[in-house]
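>>> Just to be clear, the model below is a prediction. Sequence and coordinates:
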Amino acid sequence: MMLALFLLGFVCAGGPLLHGTEDLLAYILENNPPGGPAQKSLTLFSPRDVSEMKIAALGLVRFYQLIITSQDRASCNFTFSCSNFSRAAIRNYGIIHGLLMTSDRLQRCNSMGRKDYPVDAQTGRAVDYPLERYHLGPAKK
Amino acid sequence: MWPFNKSASFLIALLMTAGGQAQDLALNLAEKFMAAGEYEEAITEYKRYIFFHCEDDQADLSDVYARLGLAFGNAGRWNDAVEATEKSAQTARGEKTRDERKLTLAAIQISSKNYSAAKFLLLKLEMYSSDEDVRKNAYFLHGVCCLYEHSWTEARLTLDEYFKYNSGAAPASKKQDIDSLLEKALLTRAKSPSLAKWLSTFLPGAGQIYCGDWLKGLNALALNAAIGYLIVTDLQNKQVQDALFNALFLFQRFYQGNRTLAENAARQYNERYHRQWAEKILNVLRER
Amino acid sequence: MKPALILLLILLAAVPYLAAQAEPTKYFLPENILRFAESLYQEGDYLRAAGEFQRYLYSFDALPDKADAIIYKIGLCYKKGNDFEKSAATFRKLLDLYPQSPLAPDSYCEIGYSYFLMKSYDRSMAFLSTPMSFNPNQDLSLKVLQLRGLNYLYKKQWNAAAAYFHSLEPPAKKNSLTQTLLNFSEEGWRLPRKSQFLAGFLSAIIPGAGKIYSRRTADGLASLVTVGLTAWQAYEGFHKDGVHSTKGWIYGTLSAFFYVGNIYGSVVSVNIYNEHLENALLEKIGIAIHVAF
């Protein structure tokens, strides 16, 4: 009993090092869960989308993404797809500017124009400039 | 024949445990920060200890570098974690300690998904380490690494080697459970991407349904059928131009897309299925 | 026998305790904190070094001697660690606490430069216009004047920058860096910019022409083909079935959508073209000032 207490003192003086297979596996599972990272839940609308017209337009684009373009190859020339660009443009700048920016973006999405943009090394697609550069008007606050 | 009375015995025991727990202030602080999840503060204290003891022969720098590596790992700074753990292996006194540090390094590499580097290190430990415990743990981690990579055959071989070691090995039932799970993972047929693609070539959406994605399969069928109907109607009305336009811009895209998506659906199904098996087997390994 | 045994056991118990207590390292003595902070700074772990330098200051009841040098070092740590807001705040603190310190002039400059690095050019200019509580030497005055001009340049106010540099007194104006910045401001003013109105007008006449004008030939051709094809299909539809043609209305709407988008996109493409010209010039300026600042 006394010997056990004596040894306990030295064991307790140790710290969070990994000893044995249980510690090693626990450390690995904590930092690299085998199921992968938690999936982000899909939210159609955020509290910012208060205008009914905006919600309708965003809903239409989302319908297009889920039903139509989900059946297409990943053929967009840009890393940030045209439908996502459209949703971001409508959400940030309203229906009219959003539709104009979408129309311009659809016309820019061609393989011949890829050289005018920086290219993403991993996917080989063009990296479009930030959304605000395509907006004509006062800067969004 | 214990020569002391109860009070004296208690006092001696207390002194002994107090002696065992007395520790450096910086390290003490670092451990408290680690326990509280304040990893950056813990890193500062470990670095402080290392700075003041870098020329102290009595100090166990290897131990502190190893803790620093774990702190970096918990903070998500994997490159720094690897560097610190490598230093802990370099400064280790004794072959066994050095090999144990290498096991920690392998664990950090697996945590940061650097499986090939981890396997390379573990293979060297399996072949060259003179300590049985280290070799046993190396086989164990090698098996874990193979599970993450979904290499079931290799995982089985290495875990078999691990279970051969008797000292501290898991009970036989655990080995049986893992063996049967690995057997199932190996035998259960995954979906064939090329078969999915060919199914969708002959019937749009069939490949997606083969992979269990009924919604996408029916969607593909409906869309391609609608475009096909448009083309046929145009041809029947002798509107060849419109039929050509629809065929080139619509049908070709969505038909090709349907084939590509069927292939991707099979690959994603396999990836999900492999991940589920890996999770099951790792959970069994984790059980005491 | 028994007393000897008791003594031996007590000694054995005390050994680990005594070993741990022998010469404990005094980590938190002020000089040791400072040494550790310096080593972190040399290692490049700037934000951690800033924390340790601050711990050094807090280890005294009142600010120690040469605290201004330590506060200056903290400011440098934040600047090198890219936390410009904190670096500006730290240098400000130095100015407030030690207005007559030999480091005050450099701190004044560093505050303006921190705001500049944060791209808060208005804040930088506003600060650099505030009066100095010390007598600046010639080097500092020159640096402050150049930094003010740099803020104009980075705000792309080329005319204002040129007028500013022209208005400087001879010693500052004749400095080689000032001359370089003056040349850059004139170059910025003379950049071969394209006209937004012309691009929009060209695209209204011929879809895609405005984009070709702003050197986006591929996009211009794509616009021409898109608008042209949809307009042609709309014409076909209306020609065949009149006003009630579904095909005509669908393609007509699409054509109008792309036509208006083409004009909008042409104006945007000119803005992007002009921005590229200015950014290329700003990169050259960045290289020129890299050594001086």
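Cool, got the structure. Residues are numbered from 1 along each chain as shown, chains lettered A, B, ... in the order given.

>>> is stretch C:203-222 anywhere near chain A?
Yes - using CB under 8 Å from any CB of the partner chain, stretch C:203-222 reaches chain A at C:Arg216, C:Ala218, C:Asp219, C:Leu221, C:Ala222. Glycine gets a C-beta too; all of them are placed from N, C-alpha and C.

>>> Distance-wise, check the residue lying closest to B:Ser88 once chain neighbours are set aside relative to chain A.
Nearest residue to B:Ser88, sequence neighbours excluded (CB to CB, 6 or more residues apart in numbering or on different chains): B:Tyr65, at 3.4 Å. Using CB to the nearest CB, to the nearest Å, B:Tyr65 is found at 11 Å from chain A.

>>> isn't B:Tyr65 right next to B:Thr85, touching?
Yes - counting by CB atoms under 8 Å, B:Tyr65 does reach B:Thr85; the two are 7.0 Å apart.

>>> Closest residue of chain A to chain C?
A:Ser103 (2.3 Å; CB to the nearest CB).

>>> my read: that residue touches C:Ser266, true?
No - in this structure A:Ser103 lies outside contact range of C:Ser266 using CB under 8 Å: 11.7 Å.

>>> So between the two, which is more surrounded?
C:Ser266 (30 against 24; other CB atoms under 10 Å in any protein chain shown).

>>> Torsion angles phi and psi at that one?
Main-chain dihedrals, C:Ser266, degrees, to the nearest 10: phi -70, psi -40.

>>> how close does the residue lying closest to it once chain neighbours are set aside sit to chain A?
Excluding the flanking residues, the one nearest C:Ser266 by CB to CB, 6+ apart is C:Gly210, at 2.8 Å. Going from C:Gly210 to chain A by CB to the nearest CB gives 11 Å.

>>> now do C:Phe238
Counting by CB to the nearest CB, the gap from C:Phe238 to chain A is 22 Å.

>>> Who are the contact partners of that residue?
For C:Phe238, the contact set (CB atoms under 8 Å, 6 or more residues apart in numbering or on different chains) comprises C:Ser245, C:Gly248, C:Gly252.

>>> ok, the second one - how many residues close by?
Counted with other CB under 10 Å, the neighbours of C:Gly248 add up to 20.

>>> Checking my notes, it in a helix, right?
Yes - under DSSP: H, G, I helix; E, B strand; the rest coil, C:Gly248 sits within a helix.

>>> What distance do you get for it to B:Val232?
From C:Gly248 over to B:Val232 the distance is 22 Å, taken as CB to CB, to the nearest Å.

>>> list the contacts for B:Gly143?
B:Ala155, B:Thr158, B:Leu159, B:Tyr162, B:Leu285.

>>> Tell me the confidence at it?
B:Gly143 carries a pLDDT value of 94.

>>> repeat for the one 4 residues further on
If you check B:Leu147, the pLDDT there is 94.

>>> just C:Ala22 next, same as before
56.

>>> With B:Gln268 instead?
Per-residue confidence (pLDDT) for B:Gln268: 89.

>>> how many neighbours does the nearest residue to it once chain neighbours are set aside have?
Closest residue to B:Gln268 apart from its sequence neighbours, by CB to CB, 6+ apart: B:Cys211 at 7.8 Å. Per other CB under 10 Å, the neighbour tally for B:Cys211 reads 25.

>>> For the residue in the stretch 51-200 of chain C that chain A sits nearest to, give me the pLDDT.
Per CB to the nearest CB, the residue of the stretch 51-200 of chain C with the smallest distance to chain A is C:Gln196, at 8.7 Å. pLDDT recorded at C:Gln196 is 94.

>>> my guess is it meets C:Val270, correct?
Yes - the pair C:Gln196 and C:Val270 qualifies as a contact (CB under 8 Å) at a distance of 4.9 Å.

>>> near chain B at all, the lengthiest helix in chain A?
Longest helix in chain A by number of residues (criterion: DSSP state H): helix A:82-108. No - using CB under 8 Å from any CB, helix A:82-108 stays clear of chain B, with a minimum separation of 13.2 Å.
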